[in-house]
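Novice: How does the following fold in three dimensions:
(one chain, ligands or ions: 3)
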Amino acid sequence: MGKDEPARARHVAIIMDGNGRWAKKRHLPRALGHQRGVEAVRRVVRGARELGLEALTLYAFSTENWRRPEEEVSDLMSLMKRFIVSDLDEFAEAGVRLKIIGDYRAFKSDVVELVEKAMARTAGNTGTTLAVALNYGSQDEIARAAAKAAAKGPVTPETISAELDTADLPPLDLLIRTSGEVRLSNFLLWQAAYAEMLFTDVLWPDFTAGHLKDALETFVSRERRYGGR
Ligand code: IPE
Ligand code: IPE
Ligand code: MG
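Specialist: Ligands and ions are numbered 1, 2, ... in the order given. Below is the predicted model:
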């Protein structure tokens with residue numbers, strides 16, 4: 001990379017929002033919106049690999065999403081399981097390392113077992129890290145990290161950062177939210193301190209690898225100042 005060349009994004013995170021509205025617009029069941037959302041995940045993970053991203057973090061289920069009707073929560077769980085079963089071989093072969101952030105152990109034991117097997121199988125991979133946020137809430141993550149830091153010694157931004165679920169990922173460069181909502185919904189509050197943000201009206205099931213590529217181009221054109229001048 002030349003001296004004046006702007007830095008490329010290493011770590012991108014996405015709040016995948018708008019599955020319900022995508023389905024509603026088409027008079028289809030919400031579950032189908034989520035199903036199409038999984039197809040978007042597949043496209044975007046492939047895109048992230050091809051674009052050479054070091055890490056892609058996807059918000060799949062928040063600590064607040066338990067408030068949804070039981071049927072929708074269980075639809076989301078079965079989609080998650082099916083996705084891991086159907087795509088794990090491809091990840092393993094493509095060098096993708098699967099990581100989970102959030103308190104995923106609160107899920108049913110079949111989901112926990114599947115997720116842990118998938119993480120173990122891809123743990124040695126050195127390509128793109130796909131971090132999936134499951135039962136993730138940033139405030140919960142920060143509280144857990146602060147407690148661990150305090151048990152070990154002084155509590156500083158550095159010692160908290162080192163205990164976050166994302167501790168082994170590069171710093172967050174770009175945070176994208178689809179579907180036109182402009183809020184963080186308890187996602188990566190700490191990590192977003194100096195991330196660039198991009199809000200798009202595209203609904204998640206319509207999001208493509210091309211949209212990701214465009215977002216990375218926008219990112220490169222932004223000037224990050226980190227409080228300096
Ligand atoms: C995002 O789509 C998927 C999850 C939160 C799991 P939504 O289901 O939130 O879709 P909208 O926001 O209702 O359109
Ligand atoms: C954020 O979307 C959570 C995920 C994408 C998993 P929500 O649809 O749950 O967020 P709110 O409720 O609109 O803030
Ligand atoms: Mg939503």
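Novice: From now on I want contacts and neighbour counts done on CA atoms only, so please keep to that.
Specialist: OK.
Novice: Now do the same contact list for Gly33.
Specialist: 19-23, 205 (CA atoms under 8 Å, 6 or more residues apart in numbering).
Novice: now these in CSV, with neighbour count, pLDDT and distance to ligand 2?
Specialist: Output for the contacts of Gly33, formatted as CSV (neighbours: other CA atoms under 10 Å; pLDDT from 0 to 100; distance: CA to the nearest ligand atom, whole Å):
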residue, neighbour count, pLDDT, distance to ligand 2
Asn19, 23, 98, 9
Gly20, 19, 98, 9
Arg21, 17, 98, 10
Trp22, 24, 99, 12
Ala23, 20, 98, 14
Pro205, 26, 99, 12
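Novice: which of those come close to ligand 1?
Specialist: Among these, the residues within reach of ligand 1 (CA under 6 Å from any ligand atom) are 19-21.
Novice: Select from those every entry located in helices.
Specialist: If you go by DSSP state H, those have 19-21 in helices.
Novice: would you list those in CSV and tack on distance to Gly52?
Specialist: Supplementary listing: those in CSV, determined by distance: CA to CA, whole Å:
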residue, distance to Gly52
Asn19, 27
Gly20, 31
Arg21, 31
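Novice: Thr129 pairs with what?
Specialist: Beta-bridge pairing of Thr129 under DSSP bridges involves Ala55, Arg97.
Novice: Spell out which residues of the protein are next to ligand 1.
Specialist: Contact residues, the chain versus ligand 1 (CA under 6 Å from any ligand atom): 16-21, 60-61.
Novice: got a pLDDT number for the spatially most central residue of the chain?
Specialist: Closest to where the C-alpha atoms of the chain average out (CA atoms, centre = their mean) is Leu58, at 1.7 Å. At Leu58, the pLDDT value in this model is 98.
Novice: for it, what are its contacts?
Specialist: Leu58 neighbours (CA under 8 Å, 6+ apart): 13-16, 130-133.
Novice: need the residues you listed in JSON lines with neighbour count, pLDDT and distance to Leu212, can you?
Specialist: Output for the contacts of Leu58, formatted as JSON lines (neighbours: other CA atoms under 10 Å; pLDDT from 0 to 100; distance: CA to CA, whole Å):
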{"residue": "Ala13", "neighbour count": "25", "pLDDT": "99", "distance to Leu212": "11"}
{"residue": "Ile14", "neighbour count": "22", "pLDDT": "99", "distance to Leu212": "10"}
{"residue": "Ile15", "neighbour count": "24", "pLDDT": "99", "distance to Leu212": "13"}
{"residue": "Met16", "neighbour count": "21", "pLDDT": "98", "distance to Leu212": "12"}
{"residue": "Leu130", "neighbour count": "22", "pLDDT": "98", "distance to Leu212": "15"}
{"residue": "Ala131", "neighbour count": "22", "pLDDT": "98", "distance to Leu212": "16"}
{"residue": "Val132", "neighbour count": "21", "pLDDT": "98", "distance to Leu212": "17"}
{"residue": "Ala133", "neighbour count": "25", "pLDDT": "98", "distance to Leu212": "19"}
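Novice: Out of these, name the ones that lie in strands.
Specialist: Judged by DSSP state E, the subset of the contacts of Leu58 located in strands is 13-15, 130-133.
Novice: ok, of those residues, which one's closest to ligand 2?
Specialist: Ile15 (4.7 Å; CA to the nearest ligand atom).
Novice: so that closest one sits right up against Leu56, yeah?
Specialist: No. Under the criterion of CA atoms under 8 Å, Ile15 makes no contact with Leu56, lying 11.1 Å away.
Novice: ok, how many other residues are close to Ser160?
Specialist: Heads up, residue 160 is Ile, not Ser. By the criterion of other CA atoms under 10 Å, Ile160 has 21 neighbours.
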